[in-house]
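K.L.:
Model the following, please.
(one chain, ligands or ions: 1)
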Amino acid sequence: MTRQCARPGCRAVATATLAYDYQQRITWLDPLVDEAHPMSYDLCHDHAQAMTVPRGWRLEDRRARRGAMPRSVPPFEDAYAY
Ligand SMILES: [Zn+2]
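P.N.:
Numbers count the residues shown, from 1 in each chain. As a prediction, the model looks like this:
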């Protein structure tokens, strides 16, 4: 199953999923998740690489280090429980 990048005008295949938590001011880049989630966006490789976050926010790129996450960062699914 493939999905397209969520950026307007971009027809590239999505390779990453962007999720965010407003209260913690964190955004996460994960490998493309199996199912689309209303609070996340699928991005192609180029748009994922070009991703920037607003001042005061933190961007956690978790694509390259699955299984090596710091304990202070909640798992992807738990981000929606807050
Ligand atoms: Zn794109």
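
K.L.:
Off-centre distance for stretch 14-33?
P.N.:
Stretch 14-33 sits 2 Å away from the centroid of its parent chain (C-alpha atoms, centre = their mean, to the nearest Å).

K.L.:
ok, now how distant is the closest residue to residue 16 other than its chain neighbours from the ion?
P.N.:
Counting by C-beta to C-beta, 6 or more residues apart in numbering, residue 16 lies nearest to residue 48, which is 4.0 Å off, once chain neighbours are set aside. Every C-beta, even on glycine, is put in place using the N, C-alpha and C of the backbone. Look at residue 48 and the ion: by C-beta to the ion, to the nearest Å, they are 8 Å apart.

K.L.:
Likewise for residue 27?
P.N.:
In terms of C-beta to the ion, residue 27 sits 16 Å off from the ion.

K.L.:
where's the residue nearest the centre of the chain, which helix or strand?
P.N.:
Centroid check for the chain by C-alpha atoms, centre = their mean gives residue 18 as the closest residue, at 2.0 Å. Using DSSP states H and E, the element containing residue 18 is strand 16-21.

K.L.:
continuing past that strand, what's the next helix or strand?
P.N.:
strand 26-31.
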